[in-house]
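**Student:** sequence unknown, structure follows:
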């Protein structure tokens with residue numbers, strides 16, 4: 001069967017879909033609406049008309065991209081790099097200036113003619129869009145029915161609500177689809193609202209849904225054989241491997257080996273990721289620890305930062321070293337850097353950039369607590385990876401996280417906007433290694449039972465294959 005995807009080939013969310021269909025013997029095609037050149041090891045034939053075009057115009061004829069592995073990027077192409085599953089790739093220079101993601105609409109409109117030519121050349125039996133903006137918009141405007149859209153969470157929980165034009169286009173795309181898949185119950189509820197499925201259940205006539213859209217809960221899961229707890233001796237070996245590969249990391253790795261705990265933040269920096277709140281929570285811990293030791297608090301840690309209160313972290317809390325991964329919003333990165341400097345936390349906060357594969361797993365192994373604070377969000381791959389690797393998370397108190405942490409039995413939930421609450425949760429996790437060990441065992445069991453990629457992708461493949469055969473426009 002010929003299966004076509006509209007997706008970002010550099011996204012870690014795309015690879016499991018493409019590989020699952022390719023491994024089952026299906027012919028895979030992918031249309032990328034992004035400028036980043038696709039990775040060379042992704043299965044299937046990839047059309048990337050914008051790859052290498054800094055100006056945004058279509059730079060390569062689509063016919064040429066179908067004759068080989070990928071569209072050839074032009075001179076001056078943006079550097080492409082496959083990233084770890086939880087570390088976002090660097091965004092474009094101006095993407096962070098578009099918080100409403102309105103450029104996704106104009107980009108999709110600009111690519112419609114090329115996308116329709118591509119569909120005519122590939123003649124797919126199934127069409128799957130991975131995300132609404134701009135992938136789902138293109139699927140909706142491509143003229144081929146039926147199609148499926150997979151929602152990760154922010155596309156419907158955040159962007160579909162931020163601007164009326166997004167709401168309108170998302171609603172039309174959802175109501176034209178044959179299959180919608182969401183990773184969490186809140187995402188599924190948002191999809192039902194967009195598709196008008198609730199009105200159909202109530203017996204009302206909802207214009208534009210013929211036949212009714214099938215809406216399912218599903219996720220890609222993770223490779224639980226790769227993302228696993230360290231065996232005996234592997235944690236020490238991981239420290240050595242990281243120090244050998246990244247010489248600038250040796251000072252904090254040596255401090256960790258001497259007993260200082262590591263707090264890993266594996267998500268990219270964004271204002272919705274609450275990195276500033278995490279830094280302020282770290283300042284609470286450091287301020288109280290220094291006060292207990294009789295030292296003067298660092299600048300910015302006196303007064304409110306060191307004040308005690310209900311549920312406040314105790315003064316003897318182990319002082320962690322914060323490791324920030326990913327790229328993300330340049331403006332937010334700058335704000336975090338200035339905050340770290342103002343609070344005197346330069347020896348406690350280290351930005352490691354985009355880390356992939358084995359090194360990311362080693363970082364999970366050498367760390368003591370993970371902080372996954374994005375909101376709104378669907379199902380966090382970073383959260384699943386941390387649980388699978390035996391690392392206890394402190395996560396944003398949102399439904400997508402609560403469903404996996406079993407109300408605190410496998411990790412802790414905190415309001416990421418409440419710095420004192422966040423500091424208290426971090427302090428508890430850092431102070432209680434026995435509890436962390438019990439929570440880690442539960443977390444590993446939850447992930448292996450519910451998020452094994454081979455099982456979960458098998459179900460998603462069956463959902464797509466059960467769609468009606470693709471045909472003309474509807």
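**Tutor:** Sure thing, it's come through. This is a predicted model, so every value here is computed, not measured.

**Student:** immediately after the helix or strand containing residue 331, which helix or strand?
**Tutor:** Here residue 331, judged by DSSP states H and E, is contained in helix 330-342. Counting by DSSP H and E, the next helix or strand C-terminal to helix 330-342 is strand 349-353.

**Student:** between strand 349-353 and whichever helix or strand comes after that next one, find me the angle.
**Tutor:** Where DSSP H and E defines the elements, the next helix or strand beyond strand 349-353 is helix 357-366. Computed by axes from the mean of the first three to the mean of the last three CA atoms, to 10 degrees, the angle separating helix 357-366 from strand 349-353 equals 160 degrees.

**Student:** could you list every helix and strand in contact with helix 357-366?
**Tutor:** Secondary-structure packing of helix 357-366 (3 or more CB pairs under 8 Å, 6 or more residues apart in numbering; DSSP states H and E): helix 234-245, strand 262-265, strand 321-325, helix 381-388. Yep, even glycine has a C-beta here, placed from its N, CA and C like the rest.

**Student:** mind doing that once more with 6 Å?
**Tutor:** On a contact count with 3 or more CB pairs under 6 Å, 6 or more residues apart in numbering; DSSP states H and E, helix 357-366 meets helix 234-245.

**Student:** got the buried residues for whichever helix or strand comes after the helix it packs on?
**Tutor:** Counting by DSSP H and E, the next helix or strand C-terminal to helix 234-245 is helix 250-257. For helix 250-257, the neighbour count (16 or more other CB atoms under 10 Å) marks 252, 253, 256 as buried.

**Student:** for stretch 139-151, how far is the first residue from the last?
**Tutor:** Start-to-end span of stretch 139-151 (CA to CA, to the nearest Å) is 13 Å.

**Student:** how about it: buried residues?
**Tutor:** For stretch 139-151, the neighbour count (16+ other CB under 10 Å) marks 139, 140, 141, 142, 144, 145, 146, 147, 148, 149, 150, 151 as buried.

**Student:** ok, stretch 224-234 next?
**Tutor:** 224, 227, 228, 229, 230, 234.

**Student:** and the helix holding residue 331, what's buried?
**Tutor:** By 16+ other CB under 10 Å, the buried positions in helix 330-342 come out as 330, 332, 333, 335, 336, 339, 340.

**Student:** picking up where we left off before, in helices only, show me the buried residues of stretch 139-151.
**Tutor:** 139, 140, 141 (DSSP state H).

**Student:** ok, the buried residues of stretch 224-234 vs residue 39, which is closest?
**Tutor:** Checking these against residue 39 by CB to CB gives residue 227 as the nearest, at 19.9 Å.

**Student:** for the closest one, helix, strand, or coil?
**Tutor:** Following DSSP: H, G, I helix; E, B strand; the rest coil, residue 227 is assigned to coil.

**Student:** could you do residue 408 as well?
**Tutor:** Under three-state DSSP, residue 408 comes out as coil.

**Student:** related to what we said a few turns ago, let's have the buried residues of helix 330-342 in a markdown table, adding distance to residue 119.
**Tutor:** Listed next are those as a markdown table, based on distance: CB to CB, whole Å:
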| residue | distance to residue 119 |
| --- | --- |
| 330 | 36 |
| 332 | 37 |
| 333 | 39 |
| 335 | 43 |
| 336 | 43 |
| 339 | 48 |
| 340 | 48 |
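
**Student:** now, among those, which is nearest to residue 114?
**Tutor:** Nearest to residue 114 among the buried residues of helix 330-342, counting by CB to CB, is residue 330 at 29.5 Å.

**Student:** from residue 343, how far off is that closest one?
**Tutor:** As for residue 330, its distance to residue 343 is 21 Å (criterion: CB to CB, to the nearest Å).
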